[in-house]
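Would you be able to build a 3D model of this:
(2 chains, ligands or ions: 3)
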Amino acid sequence: MRVNFTVNGRKQEADDVWEGESLLYVLRERLGLPGSKNACEQGECGSCTVRLDGVPVCSCLVAAGQAEGREVVTVEGLADFAKNRACGGHDGEGKGGACGTTLQEAQGWSAKGTDSQTGEGGELSPIQQAFIDAGAVQCGFCTPGLLVAADEMLERNANPSDADIREALSGNLCRCTGYEKIMDAVRLAAARQSETASSQGV
Amino acid sequence: MDFLRPDSWEEALAAKAEHPTAVPIAGGTDVMVEINFDHRRPEYLLDLNRITELSEWEVGEKTVRLGASVPYTKIMENLRAELPGLALASHTVASPQIRNRGGVGGNLGTASPAGDAHPALLAADCEVEVESVRGSRRIPIDEFYTGVKRNALAPDELIRAVHIDKADGPQQYSKVGTRNAMVIAVCAFGLAVHPETRTVRTGIGSAAPTPVRAKEAEQFLNSALEEGGFWDNGKIITPSVAKQFADLCSAACNPIDDVRGTASYRRHAVGVMARRTLTWAWESYRGNAARTEGVA
Ligand SMILES: Cc1cc2nc3c(=O)[nH]c(=O)nc-3n(C[C@H](O)[C@H](O)[C@H](O)COP(=O)(O)OP(=O)(O)OC[C@H]3O[C@@H](n4cnc5c(N)ncnc54)[C@H](O)[C@@H]3O)c2cc1C
Ligand code: FES
Ligand code: FES
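Ligands and ions are numbered 1, 2, ... in the order given. Have a look, this model is predicted:
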C-alpha cells in the first residue's frame, strides 16, 4: 500500500509498504532516515521515539498505515523543528511548504558539522548541543530517541525538576552513560532555554 | 494482509462484520509487538485511529464515559478527580511513549491478567459498551474476563466505550515490579471506597488466570465496617480487621510461578498491598469525614 504523510514538515509518500510494517521501518528503510534507531521493536527502549502529531511515541509500535495524513518529526528534523518553535513559528504543524526539512537534507543530516567534537558548523537544536556539551553521548544508539523525548518535555515544562526529567525519559534506555550525563544535558538545555527566554523578556 | 481504515464507527462495525477475523488496532502497543515478532499475521488489520469519538470522554452525573482509545496520558491529565484509581493505574503503565498511545480499550481487548487497568476498573465498577452491526450491549466488568487473555466479546463486536462509576470516595492502586517504569506487574491491587453504598470493592491483577475481585474479603470488610459503625465514627480500621481482609485477599488469588515471581510471593504481596491500600484509602476517607464534620 501507499502511505502519504508529513515528515519533518514536508509531505512524503512511501510506496510498496507492507500492511504490517511499522512507521519505524518506513522511516528507516523506505525514506532513508536512519536517525530513529531500531533496538528492540517492542516499545521497551525508546530509541525509535518520534513525534506523531506532536506526541512522542515509539515508532516501532505505530503501524505505517496509521501514520496516513499525519505529521511526524524525527531526530533529523529536530533542529529545524526547534528553530521554528523558538521563533514562534509552527508548533509542529508542518505546512508542507517552504519550511521544514527536505528528505534530502534529512538524509544527509549529520551532527558533525565542521567539527565532530563540538558540533560546530552543523545545525543543532539546543537539546542536541547540550548533549554534546555535557558529554551525554557515548555509543549514541539511544541518543536520537532521548533527544526527541527530552525536547518535547522542555517544550511542555520549561523548568523541570530532576524527577520530571527522570519521568519524561523513563521510556528511553541507555546502556552506556549511566544516565548522569544525560541528566546534566537536559538540565543544561533547560537552563539555557530559560536564559534565552528571560533575555527576550518572555 | 489488508489494512482497513474506517473513517467512522459505523464503517468500523461494518468492516468487523464482514471480516470477523480482522484484528482491531488502536494504540498498537500490544498488536504491533506481536506483528514485529511474527507471533501474529492477521489477514486484516482494522485501524481505529481515524474514529475520533473513540478518543473522547464525557463526564456525566454518575459515570464517566471513556472512549475505548483514550490514551492513558489523557486519563492521568484529565480524569484524576473522577477516576482516581484508574489514573493511578494508568501512571504505572510502561513509559510516557506507551501511555501516549495505549488505552483502556486495548487493555480490555488483550485482557491480560497483568493489564493495569483491570484492577482499577473492577474496584471502581464499570460496564463495557460493545457493539456490532447486530446491536449494542453493555457487559458488566465482573462478566468481562472469561479466561487467560480471553474476554466476552463476540467476533463481530468492538469496544466503543467504558462507563465507569465516578469515584464517591478514595481509591488506591498498588503494583509490585522491579522498577518504577516499564514494568509488567508481578501483581497489582486496586481498591475503591464507596461511601454512598457503604462498600469497599477490590481488584487483583496478575495473581489469577484473569483479573479478579476478592469478593469474600469485600464481604468480610463490608460487614466489619458496618458492625463497627466505622462509616459514621470515622475510626481507624482495627488491625485485626485489616489483617483478616489482607488474608482473604491473598486467598482470592490463584497465582502461578513464572519468570516475574512465584505463586507464594504473589499471594504474600497481594496481602501486603491489600492492607496498605485499605489503610491509605481509609485514612483519606476519615480525613474527609473529619473535615466535613468540622465544617458542619
Ligand atoms: C513496552 C511495553 C510495556 C507495557 N507495559 C504495560 C504495563 O505496564 N501495564 C499494562 O497494562 N500494559 C502494558 N503494556 C501493554 C499495552 O500497552 C496495554 O495493554 C495497552 O492498554 C494496549 O492498548 P493499545 O491501544 O495500544 O492496544 P492495541 O495494541 O491497539 O490492541 C490490543 C488488543 O485489543 C484489541 N482492541 C483494541 N481496541 C479495541 C476495540 N475498540 N474493540 C475491540 N478490540 C480492541 C486489539 O485487537 C488487540 O487484540 C505494555 C506494552 C509495551 C509494548
Ligand atoms: S525500537 Fe521502538 S522502543 Fe525499542
Ligand atoms: S550512549 Fe550508548 S546506549 Fe546510550
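
How about the residues of the stretch 51-200 of chain B by ligand 2?
Proximity of the stretch 51-200 of chain B to ligand 2, by C-beta under 6 Å from any ligand atom, involves no residues. (C-beta placed from N, C-alpha, C; glycine too.)

pLDDT weak spots in the stretch 51-200 of chain B?
The model of the stretch 51-200 of chain B has no residue with pLDDT under 70.

Please, where are all the helices along it?
B:72-78, B:84-91, B:96-99, B:104-110, B:117-124 (DSSP state H, counting those that start in this stretch).

taking those helices together, which one is wrapped up most tightly?
helix B:117-124 (a mean of 30; mean count of other C-beta atoms under 10 Å in any protein chain shown).

Could you check the angle that one makes with helix B:84-91?
170 degrees (axes from the mean of the first three to the mean of the last three C-alpha atoms, to 10 degrees).

mind saving the C-alpha coords of helix B:117-124 as CSV?
What follows is helix B:117-124 as a C-alpha-only set of coordinates in CSV (Å, rounded to 0.1, in the frame of the first residue of the first chain):
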residue,chain,number,x,y,z
ALA,B,117,-6.5,-1.0,34.0
HIS,B,118,-8.3,-4.2,35.2
PRO,B,119,-7.9,-4.0,39.0
ALA,B,120,-8.9,-0.3,38.9
LEU,B,121,-11.9,-1.0,36.7
LEU,B,122,-13.1,-3.9,38.9
ALA,B,123,-12.7,-1.8,42.1
ALA,B,124,-14.5,1.3,40.7
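
If we go by neighbour counts, what in the lowest-mean-pLDDT helix or strand in chain A is buried?
Within chain A, no helix or strand scores below helix A:103-107, which has a mean of 81 by mean pLDDT, DSSP states H and E. Buried residues in helix A:103-107, counted by 16 or more other C-beta atoms under 10 Å in any protein chain shown: A:Leu103, A:Ala106.

Tell me the gap between it and the middle of its chain.
14 Å (C-alpha atoms, centre = their mean, to the nearest Å).

Stretch B:132-145 too?
16 Å.

what about dumping the CA coordinates of it to CSV?
The C-alpha coordinates for stretch B:132-145 follow below in CSV (Å, rounded to 0.1, in the frame of the first residue of the first chain):
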residue,chain,number,x,y,z
SER,B,132,-21.7,-4.9,16.4
VAL,B,133,-24.0,-4.5,13.4
ARG,B,134,-26.4,-6.7,15.3
GLY,B,135,-26.7,-4.1,18.1
SER,B,136,-25.2,-2.7,21.2
ARG,B,137,-24.8,-4.2,24.7
ARG,B,138,-23.2,-3.4,28.0
ILE,B,139,-21.1,-6.0,29.7
PRO,B,140,-20.7,-5.6,33.5
ILE,B,141,-17.0,-5.7,34.2
ASP,B,142,-17.5,-8.7,36.5
GLU,B,143,-18.6,-10.7,33.5
PHE,B,144,-16.0,-9.4,31.0
TYR,B,145,-12.9,-11.5,31.7
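
and that stretch, which residues are buried?
B:Ser132, B:Ile139, B:Ile141, B:Phe144, B:Tyr145.

Other residues contacting that stretch?
The contact list for stretch B:132-145 (C-beta atoms under 8 Å, 6 or more residues apart in numbering or on different chains) reads B:13-14, B:16-17, B:108, B:111, B:118, B:121-122, B:125-131, B:151-152, B:154, B:156-158, B:160, B:163, B:210-213.

Residue 55: what's it in contact with?
Here I'm looking at chain A. Counting by C-beta under 8 Å, 6+ apart, A:Val55 has contacts B:Asn100.

ah, I was thinking of chain B
B:Gly67, B:Ser69, B:Val70, B:Pro71, B:Lys74.

now the first one: how far from ligand 3?
Spelled out, it's B:Gly67. 37 Å (C-beta to the nearest ligand atom, to the nearest Å).

Do I have it right that that residue meets B:Lys74?
No. B:Gly67 lies out of contact with B:Lys74 (C-beta atoms under 8 Å); the separation is 9.5 Å.

Could you tell me which residues touch both of these two?
In contact with both B:Gly67 and B:Lys74: B:Ser55, B:Trp57, using C-beta under 8 Å, 6+ apart.

and the residue in chain A that ligand 1 sits nearest to, how many neighbours?
At 3.1 Å from ligand 1, A:Gly43 is the closest residue in chain A, using C-beta to the nearest ligand atom. Here the number of neighbours of A:Gly43 (other C-beta atoms under 10 Å in any protein chain shown) works out to 26.

Pretty sure it sits in a helix.
No. If the criterion is DSSP: H, G, I helix; E, B strand; the rest coil, then A:Gly43 is coil and not within a helix.

Contacts only, for it.
Per C-beta under 8 Å, 6+ apart, neighbours of A:Gly43: A:Cys58, A:Cys60, A:Leu61, A:Gly171, B:Thr29, B:Met32, B:Val33, B:Ala94, B:Ser95, B:Gln97, B:Ile98.

These: which ones sit near ligand 1?
Answer for the contacts of A:Gly43 near ligand 1 (C-beta under 6 Å from any ligand atom): B:Thr29, B:Val33, B:Ala94, B:Ile98.

how about the third one, what does it touch?
By that I understand B:Ala94. Contacts of B:Ala94 (C-beta under 8 Å, 6+ apart): A:Gly43, A:Gly171, B:Thr29, B:Gly102, B:Ala181, B:Met182.
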